[in-house]
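>>> Got a predicted model here, sequence first, then my questions.
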Amino acid sequence: MNAILHDLIDPQSILFLIWTTLAKSAGILCVVLGMVSYTVYAERRVSSLIQDRLGPNRTGFPLGLFGNLFGIKWRDWSPILGGLGQPIADALKLLLKEEFTPAFVKKLYFWIAPGLGIGAAIIALAVIPFGSKIWGVDMVIANVDIGPLFIFAISSLGVYGIVLAGWSSNSKYPFFGAVRSTSQLISYELALGLSVVPLFLIIGKLNLVEIVNYQVQNGWMLLPGLTAGKPPTLQQALLWVPTLLAFITFTVAMFAETNRLPFDLPEAETELVGGYHTEYSSLKFALFFLGEYTAMITGSAFIVTLFLGGWHCPFIPDGSAFSVGGVLFGLINIAVFFTKVFGVLLFFIAIRWTLPRFRYDQLMKLGWIWMFEVALINIFLTAFILAFVR
Amino acid sequence: MAYQVPRPKLTIAEKLYIPSVLAGLKITLGHLVRMLRGKTHVCMQYPEEKWDANLPEHYRGAPTLVSDEHGRTRCVACQLCEFICPPRAIRIKPGEIPSGDKFAKVEKYPEAFQIDMIRCIYCGLCQEVCPEQAIFLKKEYAINGTSRAQMVHNKAKLVEMGGQRTGLVNKWNEKK
């Protein structure tokens, strides 16, 4: 008994590893899924504010239903937190809707597709360092040496959810959506992968924790001079140009990868009814919805980790100290990370209402003729600077 | 024969696309900021704020039954409104006023008066046809209920909504 207890707090033991990993997984799942629902809320609210409307500002928490429980007079919270209860109402609505499976679908694949979509998006979160350290435990679920490759591999699996959904729905608009999604993936995956190669050339590591640590010491990839606390060297200053190019191409490719406007061709409402999820209803539709927004969060987290310094905030130390202060700073680091992710999400939303949807041939042209070439040239530019400028 | 659409000549900045993205972002974020600072006034918070004060004089809302200065419902159950009502929303059951009554001269009164607000089309013909000026369209538009039965306004409800109105034609005056 004592041995097990000892194992539980011994950082070297396998038992310690298991329970901390489980705790981290549960924690990140709760945070991210909560964040998904509030991203949907933010999307609706910010969209409407941009369009000079108010958006959902009514639904509160119906605490008044408790009546006089525990001797407290509960009141509805809607006047104070107007609209913040909306995600709960939305989720309830989606759960309680009729689960309808059309007779003409291919049942097995029709059922697998929504799970694939969300599964891929959530699994990709495993390698993203969402904090520094708390009590010596790395705030990343899986500290693997192939982080970015893992994310690329898993997040492109997400497209199988869309393709399966479109194909198994056995009707024309979902099928169009699926075909578009496939070709979009082919044209953007290349640019997505190539655009971050300059980063790995500069940093020299493929471990996301190490990539963040590099940025802690040398300044964020995107703002090297401002965040390192020391002026950048000539090489660093020159490398800022390819980093910026990489950031732009990567972000654009990420928009395409997550099916966000202006690249939301697989579910273009005006052209394809609902796109690949036309035939879905209730919980299965909710899973697609969830998967889409989880993919958005994963993408934003990836951008933050690679370019915006991950959990690092200037003048705030990491949480590696074994003290109350250390734990506190560790928690602050996590908060900083999620704040940055939320900032990127807001950028995603703002872009949605800025750019119209690309025409199909424009999308292909942008992917193959511009992004791919820019990413390739960028690699050589970075290599040149690294080799000849000291 | 295919028609050749002349393409506009784009400058390098336009071809790069990024400056136009930034310009677009400036517009959208400008709208966002103006909204957050409360400079944009477009939305009316409906149940709390209402447009009632700005309703035009001729606005046609729910039909109601008005009472005269003695508190008598002006309707004499002539059933003209029932006959003219295009969607047949009105149902009247006339009743006789007993001879000893103060208003015995009027002879009839509506024992039951129902307007089905699901059927009503707010045309105002009932108001126009009424020889007694007993039925008026109020500026009442928020008519709701959770069942079909609740959407049928009965006499009590109509009289309550109509309220009292004076200064109308008064042909049942004792002196006349």
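Looks like it came in fine.
>>> and residue 22, how many neighbours?
Assuming you mean chain A. Residues lying near A:Leu22 (other Cβ atoms under 10 Å in any protein chain shown) number 11. Bear in mind the C-beta positions are built from the backbone N, C-alpha and C, glycine included.
>>> should've been chain B
10.
>>> what mean pLDDT does the host helix or strand of it have?
For B:Leu22, the host element (DSSP states H and E) is helix B:18-36. Helix B:18-36 comes out with an average pLDDT of 89.
>>> ok, the helix or strand following it: who's next to it in the sheet?
Once the chain leaves helix B:18-36, the next helix or strand it forms, by DSSP H and E, is strand B:63-65. For strand B:63-65, the paired strands and their directions (DSSP bridges) are strand B:135-137 (antiparallel).
>>> Mind telling me which residue is nearest the centre of chain B?
The residue lying closest to the centre of chain B (Cα atoms, centre = their mean) is B:Gly61, at 2.4 Å.
>>> Would you mind measuring from A:Gly119 to A:Pro242?
In this view, A:Gly119 and A:Pro242 are 34 Å apart by Cβ to Cβ, to the nearest Å.
>>> Between these two, tell me which one has more neighbours.
Neighbours were counted for A:Gly119 and for A:Pro242 using other Cβ under 10 Å; A:Pro242 has more, 23 against 19.
>>> Next, that one: phi, psi?
phi -60, psi -30 (degrees, to the nearest 10).
>>> count of neighbours near the nearest residue to it once chain neighbours are set aside?
Among residues not flanking A:Pro242 along the chain, A:Thr382 sits closest, at 4.4 Å (Cβ to Cβ, 6 or more residues apart in numbering or on different chains). A:Thr382 has 23 neighbouring residues, counting by other Cβ under 10 Å.
>>> Within the helices and strands, which one has A:Thr382?
A:Thr382 belongs to helix A:372-388 when assigned by DSSP H and E.
>>> gap between the two ends of stretch A:116-132?
30 Å (Cα to Cα, to the nearest Å).
>>> How far off centre is it?
Counting by Cα atoms, centre = their mean, to the nearest Å, stretch A:116-132 is centred 8 Å from the centre of its parent chain.
>>> Pull out the buried residues from it.
A:116-132 (16 or more other Cβ atoms under 10 Å in any protein chain shown).
>>> Check stretch A:52-71 too.
Quick answer for stretch A:52-71 (16+ other Cβ under 10 Å): A:Leu54, A:Gly55, A:Pro56, A:Asn57, A:Thr59, A:Gly60, A:Phe61, A:Leu63.
>>> Also stretch B:26-39?
Under the neighbour-count criterion of 16+ other Cβ under 10 Å, stretch B:26-39 has B:Thr28, B:His31, B:Leu32, B:Met35 buried.
>>> Could you count how many residues lie near the residue nearest to the second one when sequence neighbours are not counted?
Excluding the flanking residues, the one nearest B:His31 by Cβ to Cβ, 6+ apart is A:Ile50, at 5.2 Å. Applying the criterion other Cβ under 10 Å, we find 22 residues in the vicinity of A:Ile50.
>>> which residues touch A:Ile50?
A:Ala350, A:Trp353, B:Thr28, B:Leu29, B:His31, B:Leu32, B:Met35 (Cβ atoms under 8 Å, 6 or more residues apart in numbering or on different chains).
>>> Check A:Lys106 too.
By Cβ under 8 Å, 6+ apart, the neighbours of A:Lys106 are A:Trp167, A:Ser168, A:Asn170.
>>> how about those residues in CSV, adding neighbour count, secondary structure and distance to chain B?
Output for the contacts of A:Lys106, formatted as CSV (neighbours: other Cβ atoms under 10 Å in any protein chain shown; DSSP: H, G, I helix; E, B strand; the rest coil; distance: Cβ to the nearest Cβ, whole Å):
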residue, neighbour count, secondary structure, distance to chain B
A:Trp167, 19, helix, 33
A:Ser168, 21, helix, 37
A:Asn170, 16, coil, 36
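>>> Restrict the helix or strand containing A:Leu239 to CA atoms and write it as CSV.
A:Leu239 is part of helix A:234-257, with elements assigned from DSSP H and E. Extracted C-alpha coordinates of helix A:234-257, given in CSV (Å, rounded to 0.1, in the frame of the first residue of the first chain):
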residue,chain,number,x,y,z
LEU,A,234,21.8,40.7,-37.4
GLN,A,235,20.9,37.1,-38.2
GLN,A,236,17.8,37.2,-36.1
ALA,A,237,16.7,40.5,-37.7
LEU,A,238,17.2,39.1,-41.2
LEU,A,239,15.4,35.8,-40.3
TRP,A,240,12.4,37.8,-39.3
VAL,A,241,11.5,38.2,-43.0
PRO,A,242,11.2,34.5,-43.8
THR,A,243,9.5,34.0,-40.5
LEU,A,244,6.8,36.5,-41.4
LEU,A,245,6.4,34.9,-44.8
ALA,A,246,6.1,31.5,-43.1
PHE,A,247,3.5,32.9,-40.7
ILE,A,248,1.4,34.3,-43.5
THR,A,249,1.5,31.2,-45.6
PHE,A,250,1.0,28.9,-42.6
THR,A,251,-2.0,31.0,-41.3
VAL,A,252,-3.6,31.0,-44.8
ALA,A,253,-3.1,27.3,-45.1
MET,A,254,-4.5,26.8,-41.6
PHE,A,255,-7.7,28.7,-42.7
ALA,A,256,-8.0,26.2,-45.5
GLU,A,257,-7.2,23.2,-43.3
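>>> Quick one: residues in contact with the helix or strand just after it.
As assigned by DSSP H and E, the chain's next helix or strand after helix A:234-257 is helix A:269-272. Identification of contacts with helix A:269-272 by Cβ under 8 Å, 6+ apart yields A:Tyr173, A:Pro174, A:Phe176, A:Gly177, A:Pro266, A:Gly275, A:Thr278, A:Arg357.
>>> Pretty sure A:Glu279 is one of the things the second one touches, is it not?
Yes. Counting by Cβ atoms under 8 Å, A:Pro174 does reach A:Glu279; the two are 5.9 Å apart.
>>> Give the residue from those two that has the larger number of neighbours.
A:Pro174 (27 against 23).
>>> Can you say which of the contacts of helix A:269-272 are buried?
Neighbour counting with 16+ other Cβ under 10 Å marks A:Tyr173, A:Pro174, A:Phe176, A:Gly177, A:Pro266, A:Gly275, A:Thr278, A:Arg357 as buried within these.
>>> Check the burial of B:Gln45 by counting its neighbours.
10.
>>> circling back: residues touching the residue nearest to A:Pro242, list them.
A:Val197, A:Pro198, A:Leu201, A:Ile202, A:Leu239, A:Pro242.
>>> just the buried members of those?
A:Val197, A:Pro198, A:Leu201, A:Ile202, A:Leu239, A:Pro242.
>>> so the first one makes contact with A:Leu381?
What that stands for is A:Val197. No. Counting by Cβ under 8 Å, A:Val197 sits too far from A:Leu381 to count as a contact (11.2 Å).
>>> mind checking which helix or strand the nearest residue to A:Ala295 once chain neighbours are set aside is in?
Residue nearest to A:Ala295 in three dimensions, not counting chain neighbours: A:Ala121, with 4.1 Å by Cβ to Cβ, 6+ apart. Taking DSSP H and E as the criterion, A:Ala121 maps to helix A:107-123.
>>> which residues are in contact with that helix?
Helix A:107-123 has contacts (Cβ under 8 Å, 6+ apart) with A:29, A:32, A:101, A:154-155, A:157-158, A:160-162, A:164-165, A:167-169, A:279-280, A:284-285, A:287-288, A:290-292, A:294-295, A:297-298.
>>> please redo it, this time with the cut-off set to 6 Å
If you take Cβ atoms under 6 Å, 6 or more residues apart in numbering or on different chains as the criterion, helix A:107-123 is touched by A:154, A:157-158, A:160-161, A:164-165, A:168, A:284, A:287-288, A:290-291, A:294-295, A:298.
>>> What about those residues, which one has the most neighbours?
Counting neighbours by other Cβ under 10 Å, A:Ala165 leads these with 31 neighbours.
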